[in-house]
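> predicted coordinates and the sequence they were generated for:
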Amino acid sequence: SRNEASWTFHTTPPTSHHLRNYPSVREHSEWYASHIDELLRQGLVEAYDSKQHGPLRNFAATINPLHVVSKADGNLRPIIDPTASGVNDCMTKLPCPLPDLASILEHLPFQGALGKRDLASGFHHIKCSPEARRYMAFRHPTTEAVLRWVVLPFGASQSPPIFVELTNAACAIFQAECDRRGLRVKLFCFVDDYIILGVTHADVVGAFAVMDEIGGELGLEWKTSKDRGRNEHLRQLDFLGMLFDTEKMEMRISPDKRQRYAADVRALLDAAATGPVQRHLLESTVGRLTFIAR
């Protein structure tokens, strides 16, 4: 069906029901349990019922451990770990094409208008096929009941490329409709973030209307509180940590990102001066510097 995903495996994943949730889940068990219960209410996860599903193996070929990580905004993100269960290693790697930010700069309209918007609920736009769900099961953080993801989960190695395929296809559809309507815009998509480059503010407003209309037909939901450029003529716009400027015709690191990246580098160097540093801190900082270099 529309927006439904299946996993492609080069090797059959091992059957595994013995793995338990990570200690981070116990640290946030009350929050996690409430969050999972809300996902269940919304139909984004489903619970095992022996009367409905039969033997547990029919419902869950693999039960993955739960984990929780902190997002950049300080909120928590629940994820499953199909790497621990061996499922991720068995998945066929899919392409994940993302635009180079320099290509956005090449299409920047002189003294033009800019806009951006984000999709709400990201991966939740894509449902997993019934067979795919069997490899995305987990245990409830407090009751130990077995559940599984109905929608694309965080943690599965091929969730990002599957989602990018959807958002890139949507971007192409939006662009085609904008062209058909004579709107002088160029659209770019970076995972779930869209940027609109328009010759005039009216062109950008028209593109927002297209994305509202066609996006609804595609089953996409927008985080309208983060829309920028719909109601105001913007010649400067912060997008993915870079400030695009149609007057100076340049792309530069936004002041907030510059301060944050500098603080991260200082923190890493200070930590390295006193002893070993955690690998994830090193990888995170190097990744940001690589992003800037590109």
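Happy to help now that I have it.
> show residues contacting stretch 273-284.
Stretch 273-284 has contacts (C-beta atoms under 8 Å, 6 or more residues apart in numbering) with 264, 267-268, 271. Placement of C-beta: from N, CA and C, glycine included.
> which members of those are classed as buried?
Leu268 (16 or more other C-beta atoms under 10 Å).
> from the contacts of stretch 273-284, which is closest to Lys127?
Lys127 lies nearest to Asp264 out of these, by C-beta to C-beta, at 36.6 Å.
> roughly how far is the helix or strand hosting that closest one from the heart of the chain?
For Asp264, the host element (DSSP states H and E) is helix 255-274. Put simply, helix 255-274 sits 25 Å off its chain's centre (C-alpha atoms, centre = their mean, to the nearest Å).
> now swap in stretch 278-294 and tell me
Mean C-alpha position of stretch 278-294 versus that of the full chain (C-alpha atoms, centre = their mean) differs by 19 Å.
> let's see it as CSV, backbone CA atoms only.
These are the backbone C-alpha positions of stretch 278-294, laid out as CSV (Å, rounded to 0.1, in the frame of the first residue of the first chain):
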residue,chain,number,x,y,z
GLN,A,278,34.4,8.9,24.5
ARG,A,279,34.2,7.7,21.0
HIS,A,280,30.8,9.1,20.3
LEU,A,281,32.0,12.6,21.3
LEU,A,282,35.0,12.4,18.9
GLU,A,283,32.8,11.1,16.1
SER,A,284,30.2,13.7,16.6
THR,A,285,32.7,16.6,16.6
VAL,A,286,34.6,15.2,13.6
GLY,A,287,31.3,14.8,11.8
ARG,A,288,30.4,18.4,12.3
LEU,A,289,33.8,19.6,11.2
THR,A,290,33.5,17.5,8.1
PHE,A,291,30.0,19.0,7.4
ILE,A,292,31.5,22.5,7.6
ALA,A,293,34.4,21.5,5.3
ARG,A,294,32.0,20.2,2.7
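> buried set for the helix holding Asp264?
Quick answer for helix 255-274 (16+ other C-beta under 10 Å): 257, 261, 268.
> right, and Thr92 touches Thr8 too?
Yes - with contacts defined as C-beta atoms under 8 Å, Thr92 counts as touching Thr8 at a distance of 4.3 Å.
> now the common contact residues for those two.
Residues touching both Thr92 and Thr8 (C-beta under 8 Å, 6+ apart) are Gln158.
> count the residues that sit near Phe174.
23 (other C-beta atoms under 10 Å).
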